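Undergrad: need the 3D shape of this:
(2 chains)
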Amino acid sequence: MNIIKPLLMFILISLQMYSQPSINLVVFPELTTTDFASFATLNDLQGAPRIFCAEINAPGQMVVMAGKVEWKKIGSPDFVEVAWFITRPFLARTLCNDDIGKVDVRIYDHRSNTKLIEENLNFGKPTGEYRLTVMLYDSTSQNLLASDTKNLVFFNPSQTITIINPRTNQSYDAGNILVEWTPVFGASEYFIKASERTDQNQSIEEALLRGTPLVNNKSTGTQTSVNLRNLLERELKPGSEIVLQISANIPGPAGGKKIFSEIVNFSILNPESQYYQQLIQRFNNVMQRFGSNELFQLLGSDRFDPSKLQIRKEDGTIMTFEELVNFLEMNANNILRITKE
Amino acid sequence: MKKINLIFNGIIFLSSIVFMAFLPFPSNSPSYNAAIVLKVIQDVKHKKPQKDWVVTKPATPLEAKDQLRTGDKSVAVIRFIDGSSLRVRENSVITIFADKKDRGLIKNTKIDVGKMRFDVEEQKDEDEFIITTPTAVATIRGTSGLVNVFEDGQTILTVETGTVEVRALFGVQQSGTVEAGNSSVVTVEGTVSITKANEQQLNEVRNSLKTNEKFIRVQTPQGTFRIYYLDFE
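TA: Numbering: from 1, shown residues only, chains lettered A, B, ... in the order given. Okay, the predicted model is just below:
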């Protein structure tokens, strides 16, 4: 009698365990954001770092696990499926993402939204909210035994390359175009591509892709600023419109990933143009309002050449000569003094 | 005759002593720190009564009757103990008066000429914040705006927030209430006209907040220059 009671209890517990399989999703929060972005595509679960584990409690049972990654972009109301997979039956055990695809846990089917994956990767790191769902089925994959979901919110803005200079719709002197962009975490190399936009009906994307490039994906190494002149394959035409894009190579599994900046378009000042001459005249006029100073004296001499100026605000922001003239005209009453360093 | 003169002189002397005995003591009340100079841009000087002008540095305390003046392209920011502040713009001369009464603090700033932005904290019941110009007196309570005093004494007061009571000091001595977005002109004849502030006046009030010195660096083959300018804080 003494033996029967514990035996009954054991059987009951065993039955309960057998009858109530469970799956518990553990997501490693300390994973690096870049890792998660690459994982989110489910391109290479084995190659991806360990990002989640599913604690499956169904001892001795053959089970099937399905997984789904959904993404809610910042500002978007709904989740959209980025990728989905389902395994072949395997003997229940706790497994992690890097186990999937190994001998005993084979992927049976999968689908993915390539457009979303590309968009996701272009951000370079997770942005918005990700929902990771795992579902545990019996071996027929028809009966859902248990499921679990975890949400990961990434409030930090996406890792994108932002071109600081040149700025869209600004005019620059051909000899003085400093290209500057924000660094990307983990980037091993940056590339610049620039082309001339010869037709206004052409989109800036088309202009960048077609025609003979002025700079054809030249590497800048890990430098995030470079003088465009040093990379040019042919001379810039005064008055022309240029389109430019930066890309970054982020090493990782399967050759790494590339992320791209937005394309900026800007124009090249023509020193012969009436506009350019007027600009110099406007600069001359506004400088007269600030009294005698060395910069004004320099302006009056033959040595003054606006194309040789490097103009920056206190915070490091680059200003074009045109922007400086506009600023001085707008803020003439607020100019305190001009000094030489 | 000598004796008469002696007696006369004695009477005068004694009378003087008696008269002096009934006079109040010379006014030697302790000086009162009314405000402090928070920021100085370019040429700002201050002086005590009967003293010479001295260069003003940040954190200079200003006592009652102290004067402060700003030069060309210069600004001083002054803060009173109640948190109210004045931004004295270029080519202005002001005098600070402050008097601590039993129940409150009277702060009176006289501006002889120039422009001054005021950001006055809500005044307690017995407190007062007054701006006096050669032609007008303005009582301010929890208000911001700009007062502009011309060489001839004409005063233009533009109110950004709150309300200001304005009264002309001379002539017909008109008065009125200037509300936010309005501007008043007080003439030397004592007339007060209140109208909606024009865009230029409103811009001037906004720009009067620019008391932050910044610069643009212009690098040329002949050297690097700095163009200093005033920006918002």
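Undergrad: when you work out contacts or count neighbours from here on, use the C-alpha atoms and nothing else.
TA: Noted.
Undergrad: tell me the pLDDT of residue 108.
TA: Using chain A here. With respect to pLDDT, A:Tyr108 scores 86.
Undergrad: switch to chain B, that's the one I care about
TA: B:Asn108 is given a pLDDT of 92.
Undergrad: all strands for the stretch 51-200 of chain A, in order.
TA: Along the stretch 51-200 of chain A, counting by DSSP state E, counting those that start in this stretch, strands occupy A:52-57, A:62-72, A:80-87, A:90-91, A:95-96, A:107-112, A:128-138, A:144-154, A:163-165, A:171-172, A:178-181, A:189-197.
Undergrad: wait, A:Ser307 touches A:Asp173, no?
TA: Yes - A:Ser307 is within contact range of A:Asp173, at 5.5 Å (criterion: CA atoms under 8 Å).
Undergrad: return the residues in contact with B:Val147.
TA: Applying CA atoms under 8 Å, 6 or more residues apart in numbering or on different chains to B:Val147 gives the contacts B:Lys115, B:Met116, B:Arg117, B:Phe118, B:Thr155, B:Ile156, B:Leu157, B:Thr158.
Undergrad: just to revisit the earlier point, look at A:Ser307 and A:Asp173 and report which has more neighbours.
TA: Shown here are A:Ser307 and A:Asp173; by other CA atoms under 10 Å in any protein chain shown, A:Asp173 has more neighbours (22 against 17).
Undergrad: correct me if wrong: that one contacts A:Leu269.
TA: Yes - counting by CA under 8 Å, A:Leu269 is a contact partner of A:Asp173 at 5.1 Å.
Undergrad: tell me the residues of chain B that contact chain A?
TA: B:73-74, B:214-221, B:223-231 (CA under 8 Å from any CA of the partner chain).
Undergrad: for these, which PyMOL command selects only the ones that are buried?
TA: Selecting only the buried entries of these in PyMOL, with 16 or more other CA atoms under 10 Å in any protein chain shown as the criterion:
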select buried, chain B and resi 73+74+214+215+216+217+218+219+220+224+225+226+227+228+229+230+231
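Undergrad: in strands, which of the residues of chain B next to chain A appear?
TA: Counting by DSSP state E, those place B:214-220, B:223-231 in strands.
Undergrad: may I have stretch B:41-57 exported as CSV, CA atoms only?
TA: What follows is stretch B:41-57, C-alpha atoms only, in CSV (Å, rounded to 0.1, in the frame of the first residue of the first chain):
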residue,chain,number,x,y,z
ILE,B,41,28.9,89.9,-24.4
GLN,B,42,31.5,92.3,-25.7
ASP,B,43,31.4,95.9,-24.2
VAL,B,44,29.5,96.1,-20.9
LYS,B,45,30.3,98.5,-18.1
HIS,B,46,28.7,99.4,-14.8
LYS,B,47,29.2,102.1,-12.1
LYS,B,48,28.1,103.1,-8.7
PRO,B,49,26.9,106.6,-8.0
GLN,B,50,29.7,109.1,-8.1
LYS,B,51,32.2,106.4,-9.2
ASP,B,52,33.8,105.7,-12.6
TRP,B,53,32.6,103.1,-15.1
VAL,B,54,34.2,99.7,-14.7
VAL,B,55,34.2,96.7,-17.0
THR,B,56,31.4,94.3,-16.0
LYS,B,57,32.2,90.6,-15.6
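Undergrad: any buried residues in that stretch, and which?
TA: So stretch B:41-57, judged by 16+ other CA under 10 Å, has buried residues B:Ile41, B:Gln42, B:Asp43, B:Val44, B:Lys45, B:His46, B:Lys47, B:Lys48, B:Thr56, B:Lys57.
Undergrad: who touches it?
TA: With CA under 8 Å, 6+ apart as the test, stretch B:41-57 has contacts from B:37, B:39-40, B:65-76, B:211, B:213.
Undergrad: swap the cut-off to 10 Å and go again
TA: Contacts of stretch B:41-57 with the rest of the structure, by CA atoms under 10 Å, 6 or more residues apart in numbering or on different chains, involve A:336-337, B:37-40, B:58, B:60, B:62-77, B:88-95, B:211-213, B:230.
Undergrad: would you mind naming what in the stretch 201-341 of chain A lies close to chain B?
TA: A:293-295, A:298, A:303-319, A:321, A:324, A:328, A:331-341 (CA under 10 Å from any CA of the partner chain).
Undergrad: which residues does A:Pro142 contact?
TA: No, residue A:142 isn't Pro; it's Gln. Each residue near A:Gln142 by CA under 10 Å, 6+ apart is listed here: A:Val64.
Undergrad: for A:Leu136, see how far away it is.
TA: Distance from A:Gln142 to A:Leu136, counting by CA to CA, to the nearest Å: 10 Å.
Undergrad: now do the shared contacts for those two.
TA: A:Val64.
Undergrad: shaky segments in the chain?
TA: All of this is about chain A. Along chain A, segments meeting pLDDT under 70 span A:1-19, A:28-50, A:74-75, A:102-103, A:118, A:120-127, A:154-159, A:252-256, A:300, A:302-303.
Undergrad: let's do chain B instead
TA: Across chain B, the ranges flagged by pLDDT under 70 are B:1-32, B:102-103.
Undergrad: residue nearest the middle of it, spatially speaking?
TA: For chain B, the residue nearest the mean C-alpha position is B:Thr109 (3.2 Å; CA atoms, centre = their mean).
Undergrad: may I have the beta-bridge partners of it?
TA: B:Thr109 forms beta bridges with B:Ile96, B:Ile131, as assigned by DSSP bridges.
Undergrad: dump the residue contacts of it.
TA: With contact set as CA under 10 Å, 6+ apart, B:Thr109 has these partners: B:64-65, B:67, B:86, B:94-98, B:129-133, B:137-138.
Undergrad: out of the residues you listed, which comes closest to B:Asn203?
TA: Nearest to B:Asn203 out of these is B:Leu86 (CA to CA; 17.6 Å).
Undergrad: ok, how many other residues are close to whichever residue of the stretch 51-200 of chain A sits closest to chain B?
TA: Closest contact between the stretch 51-200 of chain A and chain B, by CA to the nearest CA, is at A:Asn176 (11.8 Å). Residues contacting A:Asn176 under the criterion other CA under 10 Å number 17.
Undergrad: distance of B:Ser175 relative to chain A?
TA: Separation of B:Ser175 from chain A (CA to the nearest CA, to the nearest Å) stands at 33 Å.
Undergrad: against chain A, how distant is the residue nearest to that residue when sequence neighbours are not counted?
TA: Using CA to CA, 6 or more residues apart in numbering or on different chains and skipping residues adjacent in sequence, the residue nearest B:Ser175 is B:Arg167, 4.1 Å away. Per CA to the nearest CA, B:Arg167 is found 31 Å from chain A.
Undergrad: could you say which helix or strand holds B:Arg167?
TA: In this structure, B:Arg167 sits in strand B:155-168 according to DSSP states H and E.
Undergrad: for that strand, packing partners?
TA: strand B:105-119, strand B:128-132, strand B:136-149, strand B:175-179, strand B:182-186, strand B:192-196, helix B:199-207 (3 or more CA pairs under 10 Å, 6 or more residues apart in numbering or on different chains; DSSP states H and E).
Undergrad: fine, thanks again, bye for now.
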